[in-house]
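Visitor: what follows is a protein structure lacking sequence information:
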């Protein structure tokens, strides 16, 4: 439970406004964390802080996880800005670290349409005269270290939050549990590209890799920081997060094939070239006719896939009905999520409205 000695009453204004104010502060909290890290190096060479400087350039995004954490904290009655700042920045830093590692695993050098940690590290090495092998090594090293640093700082922020010691320990324990689950999901995602069909269920990837840290973790952190949240309310938030998180991943899978690269900042052929076995691809295999299935088998996973071939695959996703069924399943999950919070008597009306509106925005989003 939060410490009354450090409370600042923030109950005035709408929940949405309070969340926006808190998220606006998050970037400053994270920037201060990098400054503290660099200051902690003392007299050591400034180059030692380069991983932090690379991370400081990775700005932008929707701050979805921060918004969920802060909304839950304030929506359940939390009042301390400093506590909300800690959980908001912590989930954002965890996300940042996992994204850096995910980009490394996927071989991506750009995120949000700009060079990512690997891309910046590689470009710097090449500009200094390194050959491509050395530049690739520095990019890999920078990504591993920067990702680790972001994840470590997320825990430090929780440990420094103005909350009782047992609450801070519970917050870190929750984050570490989510991190372990996400690692398992990441491995399933990679393994699923080459594993025999059926060995790696796509719904497990969505639940483990995405839902646990993207939606469930922020909700639980907000509730833990608030304190005194009863088990039925915590369970309802958990089920809301699980359903919404899977729907969120399904939308990401759709945008990975049908999105606008200018809007998403991501390729719409990378998943097709890698053979990533998303739920959408599984549906296409199930619903395609014989000739369409031959095309899918011949083109999915082809590293040389061109845009015309990718366009043919998209036609099959649509003609087979796979895209429609995929979208219908997303809508069902969103409805399930909303039902969970609407039925929970322990969730205040303003938080229910906020979470409902957030769920309704998952399917129509374009990035």
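Guide: Ah, there it is. This is a predicted model, so every value here is computed, not measured.

Visitor: could you give the separation of stretch 292-311 from the chain centroid?
Guide: Relative to the chain's own centre, stretch 292-311 is displaced by 28 Å; criterion: Cα atoms, centre = their mean, to the nearest Å.

Visitor: and if you look at stretch 72-79?
Guide: 22 Å.

Visitor: which residues in the stretch 251-367 of the chain form helices?
Guide: 261-264, 270-274, 279-287, 290-299, 307-319, 322-343, 349-360 (DSSP state H, counting those that start in this stretch).

Visitor: not counting the second one itself, show me its contacts.
Guide: Translated: helix 270-274. 106, 108, 193, 253, 256-257, 278, 299-303, 305, 310, 313 (Cβ atoms under 8 Å, 6 or more residues apart in numbering). All C-beta spots, glycine's among them, are computed from the backbone N, C-alpha and C.

Visitor: same question, the third one
Guide: When contacts are taken as Cβ under 8 Å, 6+ apart, the neighbours of helix 279-287 outside the stretch itself are 202-203, 206, 250, 253-254, 257, 292-293, 296, 300, 316-317, 320-323, 325-326, 329.

Visitor: cool, and the fourth one?
Guide: Contact with helix 290-299 is made by 272, 281, 284, 285, 288, 305, 309, 312, 313, 316, 319, 320, as judged by Cβ under 8 Å, 6+ apart.

Visitor: which residues touch the spatially most central residue of the chain?
Guide: Geometric centre of the chain, nearest residue: residue 214, 4.7 Å, by Cα atoms, centre = their mean. Contacts for residue 214 (Cβ under 8 Å, 6+ apart) come out as 64, 65, 95, 245, 248, 249.

Visitor: number of nearby residues for the spatially closest residue to the third one that is not a sequence neighbour?
Guide: Nearest residue to residue 95 in three dimensions, chain neighbours excluded: residue 65, at 5.5 Å (Cβ to Cβ, 6 or more residues apart in numbering). As a burial measure, residue 65 scores 24 neighbours (other Cβ atoms under 10 Å).

Visitor: one more: residue 297?
Guide: 11.

Visitor: what's the answer for the one 5 residues further on, then?
Guide: Residues within reach of residue 302, counting by other Cβ under 10 Å, total 15.

Visitor: distance of it from residue 310?
Guide: 10 Å (Cβ to Cβ, to the nearest Å).

Visitor: and residue 203, by the same measure?
Guide: 25 Å.

Visitor: quick one: which of these two has more around it?
Guide: Ranked by neighbour count (other Cβ under 10 Å), residue 203 and residue 310 place residue 310 first, with 19 against 14.

Visitor: can you tell me, leaving aside adjacent residues, what's nearest to the more buried one?
Guide: Residue 310 sits nearest to residue 269 (Cβ to Cβ, 6+ apart), 4.8 Å away.

Visitor: give me the phi and psi for residue 111.
Guide: phi -150, psi 140 (degrees, to the nearest 10).

Visitor: what's around the residue lying closest to residue 244 once chain neighbours are set aside, how many residues?
Guide: Leaving aside its sequence neighbours, residue 244 sits nearest to residue 337 (Cβ to Cβ, 6+ apart; 4.2 Å). By other Cβ under 10 Å, the residues close to residue 337 number 27.
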